[in-house]
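[1] here is my input; please provide its structure:
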Amino acid sequence: MTTSTGTPSLHADSPLAREQAGLDACVHCGFCLQACPTYLALEDESDSPRGRIVLMRALLDGSLPASDPDLRQHIDQCLGCRACETACPSGVPYGHLLEATRATMRGGHAPTFASRILLAVFAHRPLMRFAMAMARLLAATPIPTLLLKLPGRLGFGMAMLASTDFPLERAKYVAHGSGENGSAALLLGCVMEGLFTETNRATERVLRRNDYSMIAAPSQGCCGALHAHAGELGAARRLAKRNIAAFEKSGAQYIVTNSAGCGAMMKEYGHLFSGDAEWSQRASDVASRVRDVSELLAAAGPRSGGVIPFAVAYDAPCHLQHAQRITEAPLTVLRAIPGIELVPLDESDQCCGSAGIYNLLEPETSDAVLERKLDRIEASGAALVATGNPGCLMQIGGGLLRADMRARAVHPVDLLDASYAAD
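    Presented below is the predicted three-dimensional model:
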């Protein structure tokens, strides 16, 4: 591969080079600009998808070294929300380009000590389970609520933990799935099973209530999304292989996720293993069975339950709307709940600033994006903000607490589960 000047590319065999067709699809029309949260917050062309694609080309042809600090800054400041993909008339696969760029820049390793530690924890099940157990114990104490107004990331971290408390009275009920609508194995997830354990149990209950049978996949683990987004594609593949084998063994008709980011990652396992003769077909087969929980519920009905009398605003997780292109199914679930008043939320398709571990690594930009989201929530007058991703739940939930706003964040499945319990 050569550059436009005829000189050899410095990254001819890189992950980014293998995605060059995606780069070539960009015509620099600018439709992506108003869809990009970092461009709207920072007002810098280099922090827009179009600007970052120019930087990606410069990296690929060798005119910018991977060590260039400005290149790193603008690539690192991307949320990876993929809103630009929805806006793009040319079908540029920006999410794949971003992951490939980060992998090319970093040689497969996350750039900072903090991110390396976080990703190492999620990659090793014993470490991850220990970390989640400690976080769960802390969340069960008054400490997060007492410390959530502290300045900086410590205070915001406490607010995120405090926000994991379910905002409605939770009552359990027994549901027996007939299996008439198929069988499903739940991706337990890292943060979902660690901090939103009851949401996972609620997911299993509401699916059974809607005639799905639930099957365990005990050897599963982290989906690899955080690692792929950080450019650690090797680690992402190792984690994905474990899940592919686990869900193959389960024999479930569907693999269900209640985390938008995890679902998007698993649906792209085929792309992750493209060119791998041993794993490509297996990955694609598993990916074809992945469904967001709202997809399965919408396909089944869903059944109605008891009255939940709240004004609810729906905030679309980026990786549900822009990566998986699922827009109507979550609204179908919410509309099935008697008593709910769905109120419009301006810019509900815009990122909240969570983006995996982004809010820990790029706090200033994350806060700027979140502030815009909180303003829109306050204007909506909603008592509850429903969103189907753990990072969004904690980012929005923590922001609401720190801003002393009355609204609370909740997973749509928890609302449906509460409705069934009230019936």
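
[2] show me the contacts for residue 121.
    By Cβ atoms under 8 Å, 6 or more residues apart in numbering, the residues touching residue 121 are 127-128, 131. Every C-beta, even on glycine, is put in place using the N, C-alpha and C of the backbone.

[3] which residue is nearest the middle of this structure?
    Centroid-nearest residue in the chain, with Cα atoms, centre = their mean: residue 261, separated by 2.6 Å.

[4] what's the helix or strand for it?
    Residue 261 is part of helix 260-267 when elements are defined by DSSP states H and E.

[5] what helices and strands are in contact with that helix?
    Using 3 or more Cβ pairs under 8 Å, 6 or more residues apart in numbering; DSSP states H and E as the contact criterion, the elements in contact with helix 260-267 are helix 225-229, helix 233-250, strand 254-257, helix 280-287, strand 290-292.

[6] now mean pLDDT, distance to residue 180 and mean neighbour count too, for those, in CSV please.
    Compiled in CSV, those are given as follows (pLDDT from 0 to 100; distance: least, Cβ to Cβ, whole Å; neighbours: other Cβ atoms under 10 Å):
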stretch, mean pLDDT, distance to residue 180, mean neighbour count
helix 225-229, 94, 32, 27
helix 233-250, 96, 19, 20
strand 254-257, 98, 13, 25
helix 280-287, 98, 24, 18
strand 290-292, 98, 16, 24
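
[7] now render these as a markdown table, adding distance to residue 219.
    Written out in a markdown table, the entries for the helices and strands packed on helix 260-267 read as follows (distance: least, Cβ to Cβ, whole Å):
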| stretch | distance to residue 219 |
| --- | --- |
| helix 225-229 | 19 |
| helix 233-250 | 4 |
| strand 254-257 | 13 |
| helix 280-287 | 13 |
| strand 290-292 | 17 |
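
[8] isn't the residue nearest to the centre of the chain right up against residue 224?
    No: the criterion here is Cβ atoms under 8 Å, and residue 261 misses it with residue 224 at 10.6 Å.

[9] just to revisit the earlier point, for the residue nearest to the centre of the chain, give me its contacts.
    Residue 261 sits next to 225, 317, 319, 356, 389, 391 when contact means Cβ under 8 Å, 6+ apart.

[10] can we see that at 6 Å?
    Listed by Cβ atoms under 6 Å, 6 or more residues apart in numbering, the contact partners of residue 261 are 225, 319, 389.

[11] wait, doesn't the second one sit right on residue 259?
    No: Residue 319 lies out of contact with residue 259 (Cβ atoms under 6 Å); the separation is 8.6 Å.

[12] tell me the mean pLDDT over stretch 402-418?
    Over the span of stretch 402-418, the pLDDT mean works out to 97.

[13] ok, and what's touching it?
    For stretch 402-418, contacts defined as Cβ under 6 Å, 6+ apart pick out 148, 159, 167-168, 199, 202-203, 205-206, 258, 293, 308, 330, 333-334, 337, 374, 377, 382-386, 388, 393, 396-397, 400.

[14] again with stretch 37-57
    For stretch 37-57, the external contacting residues (Cβ under 6 Å, 6+ apart) are 26, 28, 32-33, 36, 71, 74, 77, 79, 84, 94, 101, 350-351, 368-369.

[15] rerun at 8 Å
    Counting contacts by Cβ under 8 Å, 6+ apart, the residues touching stretch 37-57 from outside are 16, 23, 26, 28-30, 32-34, 36, 64, 70-71, 74-75, 77-79, 81, 83-84, 88, 92, 94, 97-98, 101, 350-351, 353, 365, 368-369, 372.

[16] quick check: residue 199 is in a helix.
    Yes: with the criterion set as DSSP: H, G, I helix; E, B strand; the rest coil, the secondary structure at residue 199 is a helix.
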